[in-house]
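Trainee: below is the sequence, then the predicted model.
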Amino acid sequence: MTIPDPGYSMKWQGSSKRKFTGGRLISNRGKQKHELGREAGEPNVDTTRKKQIRTRGGNIKMRLLRCDVASVADPVTGKSKIAKIERVKDNSANLNYIRRNIISKGAIIKTDLGDARVTSRPGQDGVVNAILVAK
């Protein structure tokens, strides 16, 4: 008897074994390879490092692992500049992300141009785009 990988069920992104009413749903098949997910990227503030991932259908996804610069847009002037990220000030996705300096969409980052809100999805897009926040 083989013991299944304990992390396999946590990464599985198939349908639930329960109905919306709470009743049991009997599946006509087991878990499939194409329903297997990956861990979240969770990029943090450090020297830039990216990872290329092949997705289903042969497409390419750039996963940002670490980043220290962001493309920051100024809504007043309409111009964009590259700014150095100092730290993560606020992250509504998870309060532990602030302490761990993890950048996600919606996070407020402190840059050398001022505070900015991240508008891109760094773990999916491979870049950090942000817009300056008015003080």
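Mentor: The structure has been received and is ready for your questions. Numbering: from 1, shown residues only.

Trainee: what about whichever strand in the chain runs longest, distance to the chain center?
Mentor: Longest strand of the chain, by residue count under DSSP state E: strand 80-90. In terms of C-alpha atoms, centre = their mean, to the nearest Å, the centre of strand 80-90 is found 17 Å from the chain centre.

Trainee: so where do the helices sit in the chain?
Mentor: In the chain, helices defined by DSSP state H lie at 8-11, 96-100, 122-125, listed in chain order.

Trainee: pick the most buried one from these.
Mentor: Mean neighbour count (mean count of other C-beta atoms under 10 Å) peaks for helix 122-125 among the helices of the chain, with a mean of 20. The C-beta positions use only the backbone N, C-alpha and C, and glycine is treated the same way.

Trainee: just to revisit the earlier point, out of the helices of the chain, flag the one nearest Ser27.
Mentor: Ranking those by proximity to Ser27 (C-beta to C-beta) places helix 8-11 first, at 13.5 Å.

Trainee: quick one: mean pLDDT over that closest one.
Mentor: Confidence for helix 8-11, expressed as mean pLDDT, is 59.

Trainee: same check, this time on stretch 117-129
Mentor: Mean pLDDT, stretch 117-129: 92.

Trainee: and that stretch, C-alpha only, in PDB?
Mentor: Presented in PDB, the C-alpha positions along stretch 117-129 are these (Å, rounded to 0.1, in the frame of the first residue of the first chain):
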ATOM      1  CA  ARG A 117      -0.500  51.100  -3.800                       C
ATOM      2  CA  VAL A 118       0.300  48.000  -5.900                       C
ATOM      3  CA  THR A 119      -2.000  47.500  -8.900                       C
ATOM      4  CA  SER A 120      -0.400  44.500 -10.500                       C
ATOM      5  CA  ARG A 121      -0.300  40.900  -9.300                       C
ATOM      6  CA  PRO A 122       3.400  40.300  -8.800                       C
ATOM      7  CA  GLY A 123       3.200  36.600  -8.200                       C
ATOM      8  CA  GLN A 124       1.300  36.200 -11.500                       C
ATOM      9  CA  ASP A 125       2.700  39.000 -13.700                       C
ATOM     10  CA  GLY A 126       6.300  39.100 -12.700                       C
ATOM     11  CA  VAL A 127       6.400  42.900 -12.200                       C
ATOM     12  CA  VAL A 128       5.400  45.400  -9.500                       C
ATOM     13  CA  ASN A 129       3.300  48.300 -10.900                       C
END
